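Colleague: Pasting a predicted model and its sequence here:
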Amino acid sequence: MDDDRAAHVPDGQVDHEAENDMMVLERSTDAGWRRAVMHALRDPLIILDADGAVIEFNRAFTEMFGYELSDGPYNPPFPWWPTENEDPDALAAIQGLHDEGLNRRDFDSEVVLYTQDRRQIWVHTSGASVDLPYSHLTARIRVLRDITRDHQAQERRAAAARVSADFGGTDDLATLLGVAEHGFELLFDGGSTIQLDLDDRYLFSAGQTLTMDDLHADVAVGLAGSPSADTVSYRPGILLVPQTSTIGARAWVHFPRPRRISTEEMIAADLLAQAFGLAVDRVIERQRSADKQANLEAAINSHRLVGQAVGILVERHRILPSQAFDRLKQASQNRNLKLHDVASRVIETGAEPEDA
């Protein structure tokens, strides 16, 4: 307080103007302190008030999710949460975690959040409630760490284990081809083409039997290539070369756009190739005990039926081919019917796999 103003304040009374000046200074110091700490961190960090609204977030948060603090205010449900249309269950879960976190001193969880262009990012979020200096406000601090790759790796390992198990339980070529096509597509996010060299070369893709003339040039090049350990270059697809004792086998998964292939994907590809090779050997050996050519033609026809049934379900329910195939496979197992029998009934009757 300056001397002139102090002289006009009666003894025993509070100088409210000076007190307000001090509070403004403290709040300014408080905000400056927060920003200095936040922007020194590489991980995204967000500060919420006691009601759960955003006070601040740092540049790392903006860089990861695309949102600017100046575009606020931000109140729950936040735009980086899943929407009701995208995933109602995930939205309800994250709202519950948010509300729970407001009533706890410590917080630790894993959630999926969305960037401004609606790309999913899995994050590990941790934090605590702290009393901010000067302002005497309690704030909720959340530090986010991108674990998308870790989460994808876990999902890929689990999916690879499921597909490998399906290979082990398959006893006919049509089912094996269907499981392989949809398993490869699920794991590597691309369209798959399988090549089997028996007495002749056979090519299978999307439930259809192809010739070399039917193949896109990039797919033909991919099938004729060699596996690569390159994790740096952008590549159009990934090649799987199963080791078989009975025939030649290859599978090419063509990506929607060139991208890098992770070490985890390569490991999964090797495991699946090995499991597929063992399954091919087992199935072909069974067929050799009878008329191989007749069995092969029947298998090709069965594979075509499965592809047609998958197409019907995709068109009818607007679902992914892998989801349609899973429904056919599940109905086959539940009803103790061959996969091609279920597919044939779906085509002939128009009924759902569970009822056909």
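Modeller: Thanks, I have it. Numbering: from 1, shown residues only.
Colleague: Find the centremost residue of this protein, please.
Modeller: residue 152 (5.9 Å; Cα atoms, centre = their mean).
Colleague: So it lies in a strand, does it not?
Modeller: No. Counting by DSSP: H, G, I helix; E, B strand; the rest coil, one finds residue 152 to be helix, located in no strand.
Colleague: Which parts of this structure are helices?
Modeller: With helices called from DSSP state H, the chain shows them at 3-7, 16-39, 59-65, 88-102, 148-168, 173-188, 217-223, 263-288, 292-317, 321-335, 339-349.
Colleague: if we can go back for a sec, quick one: contacts for the residue nearest to the centre of the chain?
Modeller: Residue 152 makes contacts with 122, 264, as judged by Cβ atoms under 8 Å, 6 or more residues apart in numbering. C-beta here means a position set from N, CA and C on the backbone, and glycine is covered the same way.
Colleague: Listing request: residues of the stretch 151-300 of the chain with sub-threshold pLDDT.
Modeller: Counting by pLDDT under 70, the ranges of the stretch 151-300 of the chain that qualify are 288-296.
Colleague: If you tally nearby residues, what's the number for residue 62?
Modeller: By the other Cβ atoms under 10 Å criterion, the neighbourhood of residue 62 contains 16 residues.
Colleague: Verify the contact between it and residue 69 for me.
Modeller: Yes. Applying Cβ atoms under 8 Å, one finds residue 62 in contact with residue 69, separated by 7.4 Å.
Colleague: Excluding sequence neighbours, find me the nearest residue to residue 66.
Modeller: residue 116 (3.2 Å; Cβ to Cβ, 6 or more residues apart in numbering).
Colleague: swap in residue 55?
Modeller: Nearest non-adjacent residue to residue 55, counting by Cβ to Cβ, 6+ apart: residue 47, 4.4 Å away.
Colleague: Show the pLDDT at the one you found.
Modeller: Among the per-residue scores, residue 47 holds a pLDDT of 89.
Colleague: Just confirm it contacts residue 53, I think it does.
Modeller: No. If you go by Cβ under 8 Å, residue 47 and residue 53 don't touch, sitting 10.1 Å apart.
Colleague: any idea how this protein splits into domains?
Modeller: Annotated domains of the chain cover 15-146, 151-349 [automatic domain parsing].
Colleague: which of those sits most buried?
Modeller: Neighbour counts (mean count of other Cβ atoms under 10 Å) averaged over each of the domains of the chain peak at domain 151-349, with a mean of 17.
Colleague: Quick one: residues contacting the residue lying closest to residue 237 once chain neighbours are set aside.
Modeller: Nearest non-adjacent residue to residue 237, counting by Cβ to Cβ, 6+ apart: residue 254, 4.3 Å away. Applying Cβ under 8 Å, 6+ apart to residue 254 gives the contacts 190, 191, 192, 193, 216, 218, 219, 222, 236, 237.
Colleague: Quick check: bridge partners of residue 254?
Modeller: residue 191, residue 237 (DSSP bridges).
Colleague: And the one 5 residues further on, by the same measure?
Modeller: On the basis of DSSP bridges, residue 259 is bridged to residue 235.
Colleague: And for residue 107?
Modeller: Beta-bridge pairing for residue 107 (DSSP bridges): residue 127.
Colleague: was I right about it contacting residue 142?
Modeller: Yes. The pair residue 107 / residue 142 is scored as a contact, 6.8 Å apart, by Cβ under 8 Å.
Colleague: ok, residue 95 to residue 316 distance?
Modeller: Using Cβ to Cβ, to the nearest Å, residue 95 is found at 33 Å from residue 316.
Colleague: er, residue 237 I mean
Modeller: Counting by Cβ to Cβ, the gap from residue 237 to residue 316 is 30 Å.
Colleague: In the stretch 1-150 of the chain, where is pLDDT below threshold?
Modeller: In the stretch 1-150 of the chain, residues with pLDDT under 70: 1-41, 132-136.
Colleague: repeat that for 80
Modeller: For the stretch 1-150 of the chain, the stretches with pLDDT under 80 are 1-42, 105, 130-138.
Colleague: Please identify every residue contacting each of residue 107 and residue 142.
Modeller: 101, 125, 126, 127.
Colleague: what's near enough to touch the third one?
Modeller: Taking Cβ under 8 Å, 6+ apart, we find residue 126 in contact with 106, 107, 108, 109, 142, 143, 145.
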